[in-house]
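In: predicted coordinates and the sequence they were generated for:
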Amino acid sequence: MNGFTSIELTRRRLLALAGAGAGSIVLAACGDDELSLSADANPIGNASPTCVLTPSEAEGPFYADLDLVRRDITDGRAGSPLELRIAVVDADGCTAISGAEVDVWHADADGLYSAFTEQGEDEDVDTTAESFLRGVQTTDRRGIAVFDSIYPGWYPGRTTHVHAKIHFDDRTVVTTQFYFPDDVSASVYTAHEAYVGRGDKDTSNDGDGLGADLAGLRMGVEPSGDGHIASILVGIDRS
């Protein structure tokens, strides 16, 4: 799962998976059930459609198996609203996968994770009794899981990111991280009151040693109301 597998899509297969517009991809379009993903959010480009296996990334030290099945993961945490859309497909054929469990977790506006001790600049913050910004959703018939969250904050040495595990058939098929455009992060961190006290992050996408190869892991992020929608297509091997 550490490399990429590129697979050519036939026109019929591509159309079965997605209706590609000028700026978006709509997975398994079904009338009012259509859910668009930014064209920048996935490895299927309009000009040269391909399907790829999403690469694995480090789990990191802040994973907690809390089995919190919920769409709204904010727990009242302050921050710029973010709708997180994750579409899961089979990399070998690009068919949407329903019934996959998507487990996500990320830092709050202050760069803190829930459920852990010894955080913050002085390592004196204890959030073990809290579960903010963690949750699990099962992909629907279109292969899509949606979370209501806030834009992730940053902490020293890391760029803005969301952690994820994809589980299928009682096994974890990929553990990875998703990344946000530097310019969008800078705009959020300098404009929204929950982040301005800390300012812009100290590490860019290119400067992050844990996310040096971001191909296939960059989220497409678009404005939505007073926040953003972030979306990505995840290709897995379910064999």
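Out: Now that the structure is in, tell me what you want to look at.
In: flag the shaky bits of this structure, pLDDT-wise.
Out: 1-51, 211-213 (pLDDT under 70).
In: strands along the chain, start to end?
Out: Here the chain has its strands, by DSSP state E, at 7-8, 18-20, 24-27, 36-38, 50-51, 81-90, 101-105, 134-138, 144-150, 161-168, 171-179, 220-224, 227-236.
In: buried deepest among the ones you listed, which one?
Out: Each of the strands of the chain was scored by mean neighbour count; the highest is strand 227-236, a mean of 25, by mean count of other CB atoms under 10 Å. Every C-beta, even on glycine, is put in place using the N, C-alpha and C of the backbone.
In: now do that strand and strand 144-150, the angle between them.
Out: Here strand 227-236 runs at an angle of 140 degrees relative to strand 144-150 (axes from the mean of the first three to the mean of the last three CA atoms, to 10 degrees).
In: list the contacts of the residue most central in space within the chain.
Out: The chain has residue 178 as the residue nearest its centroid, 4.7 Å off, counting by CA atoms, centre = their mean. Listed by CB atoms under 8 Å, 6 or more residues apart in numbering, the contact set of residue 178 reads 161, 162, 164, 217, 218, 219, 230, 232.
In: redo that, cut-off 7 Å
Out: 161, 162, 164, 217, 219, 232 (CB atoms under 7 Å, 6 or more residues apart in numbering).
In: correct me, but the fourth one touches residue 179?
Out: Yes. If you go by CB atoms under 7 Å, residue 217 and residue 179 touch, sitting 5.5 Å apart.
In: chain neighbours aside, what residue packs nearest to residue 111?
Out: residue 155 (3.4 Å; CB to CB, 6 or more residues apart in numbering).
In: quick one: buried residues of stretch 114-122?
Out: Buried positions in stretch 114-122, judged by neighbour count with 16 or more other CB atoms under 10 Å: 114, 115, 116, 119.
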